[in-house]
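# The following comprises the amino acid sequence and a computationally predicted model.
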Amino acid sequence: MLQLGNLAIVAAGHKDCSLQIYNEEVTVCVGEGNERKILSCKYNDDNYINKIIAFLNFGTEIEEDSGCLVCKKCGYKQDNDETISAFRKLFPNIETHDIPYYCGACMDNADDDEYELMQKQMKS
């Protein structure tokens, strides 16, 4: 979470960039139309936020672990091929790391409102 302020400053300096912080998730949109790139992570994932800052400042491409689903709440990486295949069918036009996935532990420990929000996001 230490890098969130730095990200806000860097994003504010780009005319074609928007920054949204909502429900513990940071989303940065850069560019327009087909060239638009959407980057997102948990608000406290300083490592990934540093990668976004480097992308905005220097155009450094972000290497993704495209073979894993990443829990949007705790960051757990799911690399089960059957699970990944099922989610890719549900979200065919979304990069694997951007798929709204929540691990079983986060789903089990969520209160009713949070659980409902997770279900809604995974069905959208």
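Sure thing, it's come through.
# Could you measure from the residue in the chain sticking out farthest from the centre over to Tyr48?
Using Cα atoms, centre = their mean, the residue of the chain lying farthest from its centre is Asp112. It sits 22.8 Å away. According to Cβ to Cβ, to the nearest Å, Asp112 stands 29 Å off from Tyr48. Where you see a C-beta, it was placed from the backbone N, CA and C, and this is true even at glycine.
# check contacts around the residue nearest the centre of the chain.
Centroid-nearest residue in the chain: Ser40, 3.1 Å away (criterion: Cα atoms, centre = their mean). Residues counted as contacts of Ser40 (Cβ atoms under 8 Å, 6 or more residues apart in numbering) are 25-28, 98.
# try Leu4
Here Leu4 is in contact with 21, 26, 43-44, 49 (Cβ under 8 Å, 6+ apart).
# Val26 too?
4, 7, 19-20, 40-43, 45, 49.
# circling back to that earlier point, any idea how far the helix or strand the residue nearest to the centre of the chain falls within is from the chain center?
Using DSSP states H and E, Ser40 sits in strand 37-42. Put simply, strand 37-42 sits 4 Å off its chain's centre (Cα atoms, centre = their mean, to the nearest Å).
# Quick check: can you name the pairing partners of it and their directions?
Partner strands for strand 37-42, per DSSP bridges, with pairing direction: strand 25-30 (antiparallel).
# Show me how far the partner strand is from its chain's centre.
Worked out by Cα atoms, centre = their mean, strand 25-30 lies 8 Å from the chain centre.
# Over to stretch 111-124?
16 Å.
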